[in-house]
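> All I have is the shape, not the residue letters:
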């Protein structure tokens, strides 16, 4: 029976190649899009799931409210790890990481260094806690000694031309020389350790063992004992505030109690997050590695489902629209004894053949465009053809899609009554028109929704790029690693400033675009109570910072080398003034005390106020900030003039090579760094654009097929109208309006939904656009134009046929 169904299905599909092509191609586009998005979503959801006992591994977070600022940090203080092991019995193991960022390294004895972009201090316990294995070395002692390091296999090959680099020495600029004690397999791209090739021993690191409870710099992972739950340790974690943190705070506020600390509006709360949730659910700063968002997964998942549904709707519409051609076949087969179930099986077999044909084409399309999709998404995905689980899922999904797509046409056509269809009942009498209309409305409503979403995403990105951020980011060159110059930094800066095409330069590790950040607490000298404390960013910079960055002074003055006291001066932003409950004029001359200075304290005088500028992404409000004078910097920003940019760069590089021989010249432009901080939004916009076009293509294929069938079934009507004097334009209008009415209804459904969805998306930005009114009529106009172009071809083709020919054949 099944073999017979296959034969009949194959013959039926061959008899109508045009509609077979539309069905297969439409389904293939939807399946290819769904496959690509499915690979992306799977990659995002798989983060950190490769580690042993990962369901028991959690990271400790800290929420700190002090000085009017709430900081949600993924890091905790250095002593936390030991305290957790000693005080909380439900914890089996702890390990810590401390980010060092990019470092310059070389094989000991070599002259030239190269940059290793992501490095971290780590402990030996990382191997047992995460279940990591070493290719060479002992996981139980690998990082137990000072100045030892574990490196990846690829870094071992790069440095020493061999995987077994045990005993080799790496010279890490500034940090010293490290002996390789372990070699690890390259770490997965879908883990929090991604792209890390060098782990330095934390043993001997200055504050790793004697760090203060007030400093939060360590990513701390805990592994719970079997059967323990995260909530079991939260009480113990927060008990540490009174037991350890408050005694530390009492060094600065003698006699203060936990109750007094909290009654003043301050608090410290510890919590945990599963390791596998960090990538998609954590938005703390600074994260150990770049994170995604679960919202994007929901959005892309919805787009993938929409593509498949739209393709299925095409199949349903085209299949039911051809019911007139198949009606007599159904009537004859029922008359000859076929029951409804056998007819349903026959039609489902046809849909299954189309579905598997679409699968072959879809996999080919996905394979061809995957490199481009990887480039767009910033991933390195492959289609896992050798994975049996993937193949099973692909086949099951295809069978389900074929069943889902073919179920309605099968049920619809198998219910035809033989007497009616064999007597020549009209297409309208067979029904299904309303259902097809609803499906067309759904298709175009989704397409209009995606058009609106794409327009809004691109408008928000355009707003971000064009917004006045309060600083000058254009034509600013940032030279990295100037700390390598030591006490020659100022000489280098002055020589760069002497180049005619440069306007100004400043030394600082802290820049408005993503760079170093340093949060600190200050007290008012006139009133050192914790209630008047100020929490703000503490940025060290030289005297030329304000001028080079183009910051606007709204009160007071800039740093000036003519004033000897400016070495202990500070320039704050407007938000700091508000946090101090002061005015621009009143704040000048006030003194702030930095008490977090070991055994001493530093007192700074406020000499100026700069206008607020956005030094974080526009997802966040402007925070309190102070600029402190210092030449101790890791970067130099150079304001470039117009002219020969390449020539100026070459001159700066030549100066660098003279002053730092063997050290790579690393630089970037600040506007590029700014744009990179919105990579996620820009990628989302591009993905929206691509899959919006795919959804429109699928909808148009269906509409094109329906228009062709509509024109075909109305050949006699069109012939009669032309004989009675109807013009081509009148007939075209009449045929097109049947479909345009449905498009207009879909627009009415999609517009309010689009407004709601995109307003929710924009809520994630502290600085956002108001969705302009013209986005909605523009989206509607695009949909109408596309529909008109799709339908008009078939309508005009039908309208220009000679009525004599059409009436004779009818």
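Sure, I can see it. Please read all numbers here as calculations on a predicted model, not as lab measurements.

> tell me the SS of residue 93?
Counting by DSSP: H, G, I helix; E, B strand; the rest coil, the backbone at residue 93 sits in strand.

> Just say helix, strand or coil for the nearest residue to residue 766 once chain neighbours are set aside.
Excluding the flanking residues, the one nearest residue 766 by CB to CB, 6 or more residues apart in numbering is residue 621, at 4.8 Å. C-betas here are computed from N, CA, C, even on glycine. Reducing the assignment at residue 621 to three states with three-state DSSP gives coil.

> my read: residue 621 touches residue 614, true?
No: using CB atoms under 8 Å, residue 621 is not in contact with residue 614; the gap is 9.1 Å.

> Neighbour count for these two, which is higher?
Taking neighbours as other CB atoms under 10 Å, residue 621 and residue 614 compare with residue 614 leading, 20 against 11.

> For that one, which residues are in contact?
By CB atoms under 8 Å, 6 or more residues apart in numbering, residue 614 lies in contact with 467, 469, 470, 512, 622, 767.

> May I ask you to confirm that the last one belongs to a helix?
No: with the criterion set as three-state DSSP, the secondary structure at residue 767 is coil rather than a helix.

> Now for the closest residue to it other than its chain neighbours, how many residues are close by?
Residue nearest to residue 767 in three dimensions, not counting chain neighbours: residue 618, with 4.2 Å by CB to CB, 6+ apart. Using other CB under 10 Å, residue 618 has 19 other residues around it.

> who's residue 479 bridged to?
residue 636, residue 667 (DSSP bridges).

> Wait, the residue nearest to residue 767 touches residue 765, no?
Yes: assessed by CB under 8 Å, residue 618 is found in contact with residue 765 at 5.5 Å.

> quick one, phi psi at the residue nearest to residue 767?
Main-chain torsions, residue 618, degrees, to the nearest 10: phi -70, psi 0.

> Contact partners for it?
Taking CB under 8 Å, 6+ apart, one finds 464, 467, 765, 766, 767, 768 in contact with residue 618.

> ok, it to residue 762 distance?
Look at residue 618 and residue 762: by CB to CB, to the nearest Å, they are 11 Å apart.

> Repeat that for residue 48.
To residue 762, residue 48 is 30 Å away according to CB to CB.

> Which one's more surrounded, these two?
The residue with more neighbours, out of residue 48 and residue 762, is residue 48; 21 against 16, by other CB under 10 Å.

> Just say helix, strand or coil for that one.
Secondary structure state of residue 48, per three-state DSSP, is coil.

> my guess is it meets residue 279, correct?
Yes: contact criterion CB under 8 Å: residue 48 and residue 279 qualify, at 6.8 Å.

> Pull up the overlap in contacts between those two.
Jointly contacting residue 48 and residue 279 under the rule CB under 8 Å, 6+ apart are residue 192.

> Sketch out the strands for the stretch 601-750 of the chain, chain order is fine.
Ranges of strands within the stretch 601-750 of the chain are 625-629, 635-640, 667-669, based on DSSP state E, counting those that start in this stretch.

> ok, and the most crowded of the contacts of residue 618?
residue 464 (23 neighbours).

> what residues are up against it?
Residue 464 sits next to 618, 678, 681, 767 when contact means CB under 8 Å, 6+ apart.

> Quick check: mean pLDDT of the host helix or strand of it?
When secondary structure is defined by DSSP states H and E, residue 464 falls within helix 433-466. Computed over helix 433-466, the mean pLDDT rounds to 85.
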